[in-house]
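> Below are the sequence and a predicted model for it; my questions follow.
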Amino acid sequence: VQLAESGGGSVQAGGSLRLSCAASGFMFDDYAIGWFRQAPGKKREGVASIWSNDGSTVYADSVKGRFTIFRDKAKNTVILEMSGLKPEDTAVYYCAAEYVFDSSRLALWEPDYVYWGQGTQVTVSS
C-alpha cells in the first residue's frame with residue numbers, strides 16, 4: 001500500500017495550491033481518501049475526505065468554501081484544490097486512506113485512517 005503526496009509549496013495569502021495523493025496497492029473504490037494537516041506545535045486535524053466509490057465528501061468547517069476535494073478514478077488519485085489560502089493553513093499535509101463500506105461512515109476521524117503518506121509542506125505567508 002502506498003500513498004504519495006505531491007504539490008506542496010509556498011504561496012502568499014489569498015493564493016492557491018493543488019495537492020495530489022496517488023494511491024496504489026489497494027482497491028481504490030473501497031476506501032475514503034482524506035487529507036489531514038499538522039501545524040508546528042499543534043495536533044493533526046482533518047481537512048477533507050472523499051469516498052472513492054461515489055464521490056461523497058466531508059470538509060472541516062475551517063476550509064469549507066475554500067478547499068475542494070475530488071478524485072480521478074482512472075489515475076487512483078485524489079486532489080485537494082486549495083484557494084483563498086491563509087497563513088493559518090500553513091502545515092504539513094498528509095493524505096490517508098480508510099476502508100469505508102457506506103457513505104454515511106465518511107468522517108474525518110483520524111484513528112480510522114490506516115494508511116498514511118509521508119506528507120507535503122504547505123507554507124502560506126502574509
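Noted; the coordinates are in hand. Residues are numbered from 1 along each chain as shown.
> So W35, which state does it fall into?
Following DSSP: H, G, I helix; E, B strand; the rest coil, the label given to W35 is strand.
> Just want the most central residue of the protein.
Central residue of the chain (CA atoms, centre = their mean): W35, 2.0 Å from the mean position.
> where does the protein dip in pLDDT?
Along the chain, no part satisfies pLDDT under 70.
> run the last query once more with 90
Scanning the chain for pLDDT under 90 picks out the ranges 1, 26-30, 52-53, 100-105.
> Can you show me the strands along it?
Along the chain, counting by DSSP state E, strands occupy 2-6, 9-12, 17-24, 31-38, 45-51, 57-59, 67-72, 77-82, 91-99, 115-116, 120-125.
> Neighbouring strands - and their directions - for the second one?
I take that to be strand 9-12. Sheet pairing here is set by DSSP bridges, and for strand 9-12 it gives strand 120-125 (parallel).
> between the strand it pairs with and strand 17-24, how big is the angle?
Using axes from the mean of the first three to the mean of the last three CA atoms, to 10 degrees, the direction of strand 120-125 lies 170 degrees away from that of strand 17-24.
> Identify each buried residue in strand 120-125, please.
Neighbour counts over strand 120-125 (16 or more other CB atoms under 10 Å) mark 120, 122-124 as buried. Backbone N, C-alpha and C define where each C-beta goes, glycine included.
> Okay then, goodbye and thanks.
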